[in-house]
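> Next input, structure requested:
(chains A and B)
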Amino acid sequence: MTRDQRDLDELVKRLLADPANSDHPMHYALSQLWLAHRELLNRIERITHVSDAYQSIAREREMSLAERFDKQLRQLEKVARISDRYQQMMRELNIALEEASTHDVLTALANRRLLMERLKAETERAGRLQHAFCVAMVDIDHFKQVNDQHGHDTGDRVLIEIARVMQAEVREYDLCGRWGGEEFLILLPELDLASAQVVVERVRLGIRKLAIRQGTEALTITVSAGLAAHLPGESYSDTINRADAALLRAKQHGRDCLVLAS
Amino acid sequence: MSDFSIPRSQSTPAIQGNWSEGVLSMQGDSYPENSYELFHQVFEWVERFLQDAGRPLTLELHLLYLNTSSIKAMMDIFDLLEVAHHAGQPVAVNWHYDKRNERVADLAEEFKEDCTFPFAIVGF
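Down below sits the predicted model:
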């Protein structure tokens, strides 16, 4: 309220209150005008008040919405983060499962399933591209005696050590696997019999040089091997059978040697 | 209010609510197509327990895999517990995991992050 207005208000109040003015012809009109003026002022004040209240409600709501939005956003980010990590975990479990389903637990070499898969693929490739491949069957000599005399833990260690040597002595693209028990299979792609013989001999001699510590003594292990080249049109199980027959002859010839299949 | 029990299925965990002991347990994987259907009954049970039971509530979780909507549902349940905790009600979570899979512990750790109530990650 300005000073002039306040002065005017005071003047009007004084004039209306003065008994000398009570009979003045404008007294009634002024008093009515004064009342109407007061009422209008009151109403404006009330409207202002209500309007302010509405504004503050709207503002509060906006703030709580923003707060809820922020909270939801944080939760969403967290859900996404956790979900990503679960998926990552599943992916890694899948890889581990795949590895477990294709590899031997003890030696970590390819298992029979993976060997058969690769043999099948290699046979198809050989038919298509006229490429040769060879299969070697390798069997530990007198493995039963190792187990019987030194226990299964030692037997397991022998298997692990032999697997390690085999893996180290073959070429990068050859596949070594545990065919079963103490029998191993080596798949040698893109090699003829003579070249494959060099690789398998290297494996055989490598195993022979191995000295596996057993208490104070060192065990010497030998293996017998049979090697067959895949023949055009032949199934891989036929190739394996011929390698197996060659292995049998190696055993019959006094073990610790490699025999080529006819 | 009574106990409830949902048997395990291919894509949902086994869930048991024990009203008198104040224990809610879950075991298994959770990747249902409609996780709302599964979890709303769990959510309601927890909500009602916190409102009516006047006893401590413990969650015993043996969960391995959770899909995205199950993660959201678990966070909503933990939010309920958080509110109850702030109101002075005793609540606790024990998240059990197989020590051969430490990643589950890391994930439980993520859930725990915003919780101020007792939240134990227990290896077995």
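
> Could you use CA atoms for every contact and neighbour count after this?
Noted.

> Run a quick neighbour tally on residue 111.
In the absence of a named chain, chain A is used. Using other C-alpha atoms under 10 Å in any protein chain shown, A:Asn111 has 23 neighbouring residues.

> that answer is for a different chain, and I need it for chain B
Based on other C-alpha under 10 Å, the number of other residues close to B:Phe111 is 19.

> Leaving out chain neighbours, which residue sits closest to it?
B:Met75 (7.2 Å; C-alpha to C-alpha, 6 or more residues apart in numbering or on different chains).

> from chain A, which residue is nearest to chain B?
A:Ser83 (5.4 Å; C-alpha to the nearest C-alpha).

> Distance check, the residue of chain B most remote from its centre against B:Glu109.
Relative to the centre of chain B, and counting by C-alpha atoms, centre = their mean, the farthest-placed residue is B:Arg100 at 21.7 Å. B:Arg100 is 16 Å from B:Glu109, where distance means C-alpha to C-alpha, to the nearest Å.

> tell me which parts of chain B are close to chain A?
B:65-68, B:71-72, B:103, B:107, B:110 (C-alpha under 8 Å from any C-alpha of the partner chain).

> name the element A:Thr107 belongs to?
Using DSSP states H and E, A:Thr107 sits within no helix or strand.

> Where do the strands of chain B begin and end?
Counting by DSSP state E, chain B has these strands, from start to end: B:4-6, B:14-18, B:23-30, B:57-66, B:91-97, B:119-123.

> Would you format these as CSV with mean pLDDT included?
What follows is the strands of chain B, written out as CSV (pLDDT from 0 to 100):
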stretch, mean pLDDT
strand B:4-6, 90
strand B:14-18, 94
strand B:23-30, 94
strand B:57-66, 94
strand B:91-97, 96
strand B:119-123, 93
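
> would TSV of those strands with mean neighbour count be doable?
Shown next, in TSV, are these (neighbours: other C-alpha atoms under 10 Å in any protein chain shown):
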stretch	mean neighbour count
strand B:4-6	14
strand B:14-18	19
strand B:23-30	20
strand B:57-66	21
strand B:91-97	21
strand B:119-123	16
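
> okay, the ones you listed in JSON lines with distance to A:Glu92 next?
Below are the strands of chain B laid out as JSON lines (distance: least, C-alpha to C-alpha, whole Å):
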{"stretch": "strand B:4-6", "distance to A:Glu92": "30"}
{"stretch": "strand B:14-18", "distance to A:Glu92": "25"}
{"stretch": "strand B:23-30", "distance to A:Glu92": "17"}
{"stretch": "strand B:57-66", "distance to A:Glu92": "13"}
{"stretch": "strand B:91-97", "distance to A:Glu92": "17"}
{"stretch": "strand B:119-123", "distance to A:Glu92": "20"}
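
> can you pull out the strands in the stretch 151-262 of chain A?
A:175-180, A:183-189, A:211-214, A:217-220, A:223-229, A:258-260 (DSSP state E, counting those that start in this stretch).

> Taking the residues of chain B next to chain A, tell me the two that lie furthest apart.
Largest separation among the residues of chain B next to chain A by C-alpha to C-alpha: B:Lys72 and B:Arg103, giving 18.8 Å.

> From the neighbour counts alone, determine which of those two ranks first.
Neighbours per residue, other C-alpha under 10 Å: of B:Lys72 and B:Arg103, the larger number sits with B:Lys72, 21 against 17.

> B:Val42 versus that one, what's the distance?
Taking C-alpha to C-alpha, one finds B:Lys72 at 13 Å from B:Val42.

> which residues sit in contact with the residue of chain B found nearest chain A?
Residue of chain B nearest chain A, by C-alpha to the nearest C-alpha: B:Thr68 (5.4 Å). Counting by C-alpha atoms under 8 Å, 6 or more residues apart in numbering or on different chains, B:Thr68 touches A:79-80, A:83.

> What subset of those residues is buried?
A:79, A:83 (16 or more other C-alpha atoms under 10 Å in any protein chain shown).

> can you tell me which of the contacts of B:Thr68 lies nearest to A:Asp244?
Nearest to A:Asp244 among the contacts of B:Thr68: A:Ser83, at 51.1 Å, using C-alpha to C-alpha.

> What secondary structure category should be reported for that closest one?
Recorded secondary structure, A:Ser83: helix (DSSP: H, G, I helix; E, B strand; the rest coil).

> Quick check, pLDDT for it.
A:Ser83 carries a pLDDT value of 92.

> In contact with it, which residues are there?
If you count contacts by C-alpha under 8 Å, 6+ apart, A:Ser83 has them with B:66-68, B:71.

> Paired strands for the helix or strand bottoming out on mean pLDDT in chain A, with orientation please.
Confidence across the helices and strands of chain A bottoms out at strand A:211-214, with a mean of 84, counting by mean pLDDT, DSSP states H and E. Note on strand A:211-214: by DSSP bridges, its sheet partners are strand A:217-220 (antiparallel).

> So which residues make contact with the partner strand?
Applying C-alpha under 8 Å, 6+ apart, the set of residues contacting strand A:217-220 is A:208-213.
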